[in-house]
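K.L.:
sequence and predicted model, in that order:
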Amino acid sequence: MSSLFDTLNKIQQTPGMYLGRPSVSDLFMFLVGYEFARSELEQTLDPTEEHFYENFQPWLQEKLGIRSVTSWAKLIMLSCHDEKSGFEKFFQLLDEFLDQQDQRAA
């Protein structure tokens with residue numbers, strides 16, 4: 001099975017093949033299902049994947065200054081006018097999140 005980030009790269013390149021359309025809400029649901037499938041197959045997440053699932057939403061809440069507990073997709077949609085722009089914004093935010101993680105590890 002591909003890693004989470006390999007899968008995200010594929011989705012970013014061809015969202016229609018995986019989600020039907022470029023949609024941050026559909027991406028969120030896909031990733032919830034992906035994590036569930038991995039757990040059902042007893043495939044553990046690597047540390048970077050685990051970090052994403054545990055820390056992306058709190059990081060985003062802090063970044064946006066929003067304390068409400070809702071999905072990261074809904075947080076992203078607060079500043080986007082449609083699902084496609086939310087989808088694109090997710091990947092920008094993901095890159096920033098992962099860059100910060102890499103800087104901390106260095």
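P.N.:
Yep, that arrived. Numbering: from 1, shown residues only.

K.L.:
name the residues that touch the helix or strand harbouring residue 5?
P.N.:
Under the criterion of DSSP states H and E, residue 5 resides in helix 4-13. With contact meaning CB atoms under 8 Å, 6 or more residues apart in numbering, helix 4-13 is reached by 2, 17-19, 27, 30-31, 34, 45, 48-49, 52, 91, 94. Any C-beta I mention is one placed from the backbone N, CA and C, and that applies to glycine too.

K.L.:
low-confidence ranges in this structure?
P.N.:
Scanning the chain for pLDDT under 70 picks out 1-2, 102-106.

K.L.:
just want the angle from the helix ranked longest in the chain to helix 4-13.
P.N.:
With residue count as the measure and DSSP state H as the assignment, the chain has helix 83-105 as its longest helix. Counting by axes from the mean of the first three to the mean of the last three CA atoms, to 10 degrees, helix 83-105 lies at 150 degrees to helix 4-13.

K.L.:
which strands and helices sit next to helix 83-105?
P.N.:
Applying 3 or more CB pairs under 8 Å, 6 or more residues apart in numbering; DSSP states H and E, one finds that helix 83-105 contacts helix 4-13, helix 24-40, helix 47-64, helix 72-77.

K.L.:
mean neighbour count, the ones you listed: which tops it?
P.N.:
helix 72-77 (a mean of 20; mean count of other CB atoms under 10 Å).

K.L.:
make JSON lines from the contacts of helix 4-13 and add distance to residue 81 to it.
P.N.:
Formatted as JSON lines, the contacts of helix 4-13 follow (distance: CB to CB, whole Å):
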{"residue": "2", "distance to residue 81": "31"}
{"residue": "17", "distance to residue 81": "25"}
{"residue": "18", "distance to residue 81": "23"}
{"residue": "19", "distance to residue 81": "19"}
{"residue": "27", "distance to residue 81": "17"}
{"residue": "30", "distance to residue 81": "22"}
{"residue": "31", "distance to residue 81": "22"}
{"residue": "34", "distance to residue 81": "27"}
{"residue": "45", "distance to residue 81": "33"}
{"residue": "48", "distance to residue 81": "31"}
{"residue": "49", "distance to residue 81": "30"}
{"residue": "52", "distance to residue 81": "26"}
{"residue": "91", "distance to residue 81": "17"}
{"residue": "94", "distance to residue 81": "20"}
